[in-house]
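# Could you look at this predicted model? Sequence included:
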Amino acid sequence: MSHTAGFTECFCGILPANEMNYLFSDDADQIHSVAVLPLLSRSGGEVKKCGVLVLGDKTPTAFSKDKGSLFLQYLADLLSAILLRLLK
């Protein structure tokens, strides 16, 4: 199981090298910050993981823990709701 698959909240920072290589292939060495947005279904009171959206940037401060993740969490919730509607 990958590190990113376990996230239930948005994550900002950097991932382990093996995941960076898997997610960004040849460009992994150019990515210096990532945001991981978990896509979750919360129907019926049960949380089900549907996937993740991983964003990467060349700038080390683009996705940093210091900036917070409120907007990213809103985006993750919105994308999760859209995805849930499409899967039904």
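Cool, the structure landed.
# and the residue positioned nearest the centre of the chain, how far is that from R85?
Per CA atoms, centre = their mean, the C-alpha nearest to the average position across the chain is that of V36, at 1.8 Å. Note on V36: its distance to R85, by CB to CB, to the nearest Å, is 22 Å. Glycine gets a C-beta too; all of them are placed from N, C-alpha and C.
# For this protein, which segments count as helices?
Here the chain has its helices, by DSSP state H, at 17-24, 70-87.
# Is K49 bridged to anything, and to what?
Listed beta-bridge partners, K49: L40 (assigned using DSSP bridges).
# Let me have the helices of the chain in a markdown table, adding mean pLDDT as columns.
As requested, those are arranged in a markdown table below (pLDDT from 0 to 100):
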| stretch | mean pLDDT |
| --- | --- |
| helix 17-24 | 94 |
| helix 70-87 | 89 |
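# before we move on, back to that, beta partners of the residue nearest to the centre of the chain?
Beta-bridge partners of V36, counted by DSSP bridges, are F11, V54.
# Is it correct that it is in contact with G56?
No: contact criterion CB atoms under 8 Å: V36 and G56 do not qualify, at 9.9 Å.
# so what's the residue nearest to the centre of the chain up against?
With contact taken as CB atoms under 8 Å, 6 or more residues apart in numbering, V36 is in contact with T4, F7, C10, F11, C12, L15, V52, L53, V54.
# can you count the residues close to T61?
Other residues within reach of T61, judged by other CB atoms under 10 Å, total 10.
# distance of it from A17?
20 Å.
# next one: L23
According to CB to CB, L23 stands 11 Å off from A17.
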